[in-house]
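[1] Attaching a predicted model along with its sequence, questions to come.
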Amino acid sequence: MPFSVQSFCIPLKKQPKKQQQAQQNNNNNDHRPILSLTSFSHCSAKDAGIDIQKTEKKGMGAFALAPVLSGEYVGEYSGELLTLKEVESRYWKTRKRTKFDRRWIKSRSQRNQGTSGDYLFDMGDDLFIDGEDADVSTWCRFMNHAPGTTNECNLETRCTRKMWDGEKNVPPRLWFVAIRDVKVGEELLYDYGDAYWD
């Protein structure tokens with residue numbers, strides 16, 4: 001069965017507004033943890049020729065160390081694959097947490113990993129790619145937002161949804177391609193989409 005590549009992915013998904021406000025009032029993790037330079041996210045950046053550095057206004061960012069041509073593959077967004085039920089209990093707090101959820105949260109806390117829910121991509125079929133844990137996600141988690149209507153935006157997403165290849169389920173994939181030429185030293189930016197900000 002051939003894979004269907006979509007030219008965009010369902011944008012980063014935030015929790016429903018009511019839960020978002022409740023979490024902001026009760027969230028004791030409203031800072032960004034300082035991630036180890038030995039985390040998989042940082043190491044994958046070095047391997048890909050990407051520089052991760054602090055930006056002026058957006059926290060950490062990803063910068064090109066070599067020119068990138070328009071249409072060129074830039075990197076894959078990876079992390080934990082979570083179900084909607086897991087997202088609802090672990091991030092949105094709209095479902096009762098199980099012992100597995102509590103262990104997951106404890107593990108994140110012990111390893112200085114965040115639990116903000118800001119790194120979720122909704123991949124359809126009630127599946128999400130969670131790029132927040134730097135120990136299992138690639139450098140793409142560091143890419144920041146730029147409105148798609150501006151020249152600042154230089155990447156866009158491509159993805160495949162979960163599929164059956166005739167023998168097994170193939171998990172969804174999400175990656176970035178350049179929509180224009182990118183110069184050395186330029187920050188890699190994509191449009192998070194309206195759903196992220198709603």
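    Cool, the structure landed.

[2] switch to C-alpha atoms for all contacts and neighbour counts from now on
    Will do.

[3] For Arg141, give me its contacts.
    Listed by C-alpha atoms under 8 Å, 6 or more residues apart in numbering, the contact set of Arg141 reads Ser41, Tyr77, Tyr119, Gly131, Glu132, Ala134.

[4] and which of the residues you listed is nearest Pro171?
    Tyr77 (12.8 Å; C-alpha to C-alpha).

[5] okay, the closest one: pLDDT?
    Per-residue pLDDT puts Tyr77 at 97.

[6] Next one: Gly79 from Arg180, what distance?
    Distance of Gly79 to Arg180, computed by C-alpha to C-alpha, to the nearest Å: 26 Å.

[7] between those two, who's got more neighbours?
    Between Gly79 and Arg180, counted using other C-alpha atoms under 10 Å, the more crowded position is Gly79 (22 against 16).

[8] show me what contacts that one?
    Counting by C-alpha under 8 Å, 6+ apart, Gly79 touches Ile129, Asp130, Gly131, Glu132, Asp133, Val136, Ser137, Thr138.

[9] if we go to 6 Å?
    Contacts for Gly79 (C-alpha atoms under 6 Å, 6 or more residues apart in numbering) come out as Ile129, Asp130, Gly131, Val136, Ser137.

[10] what's the pLDDT at the closest residue to Leu120 other than its chain neighbours?
    Leaving aside its sequence neighbours, Leu120 sits nearest to Asp130 (C-alpha to C-alpha, 6 or more residues apart in numbering; 4.6 Å). Here the pLDDT value assigned to Asp130 is 96.

[11] same question, the one 5 residues further on
    The predicted structure scores Asp135 at 95 on the pLDDT scale.

[12] which one of the contacts of Gly79 has the most neighbours?
    Among those, Gly131 has the most neighbours (other C-alpha under 10 Å), with 25 neighbours.

[13] does that one really touch Thr138, like I thought?
    No - Gly131 is beyond contact range of Thr138, at 7.5 Å (criterion: C-alpha atoms under 6 Å).

[14] in this structure, what spans have low per-residue confidence?
    When residues are selected by pLDDT under 70, those of the chain lie in 1-32.

[15] In this structure, which helix is the longest?
    Secondary structure assigned by DSSP state H gives helix 99-110 as the longest helix of the chain.

[16] buried ones in it?
    Within helix 99-110, the residues that qualify as buried are Asp101, Ile105, Arg108, counting by 16 or more other C-alpha atoms under 10 Å.

[17] quick one: which of those residues is nearest to Gly166?
    Distance to Gly166, by C-alpha to C-alpha, is smallest for Asp101 among the buried residues of helix 99-110, at 32.3 Å.

[18] so how far is Glu88 from the closest one?
    Asp101 sits 10 Å away from Glu88 when distances are taken as C-alpha to C-alpha.

[19] do Gly75 as well
    Distance, Gly75 to Glu88, by C-alpha to C-alpha: 28 Å.

[20] Give me the neighbour count for the residue nearest to Leu127 when sequence neighbours are not counted.
    Of all residues not flanking Leu127 in the chain, Thr83 sits nearest, at 4.7 Å (C-alpha to C-alpha, 6+ apart). Other residues near Thr83 come to 15 when the count uses other C-alpha under 10 Å.
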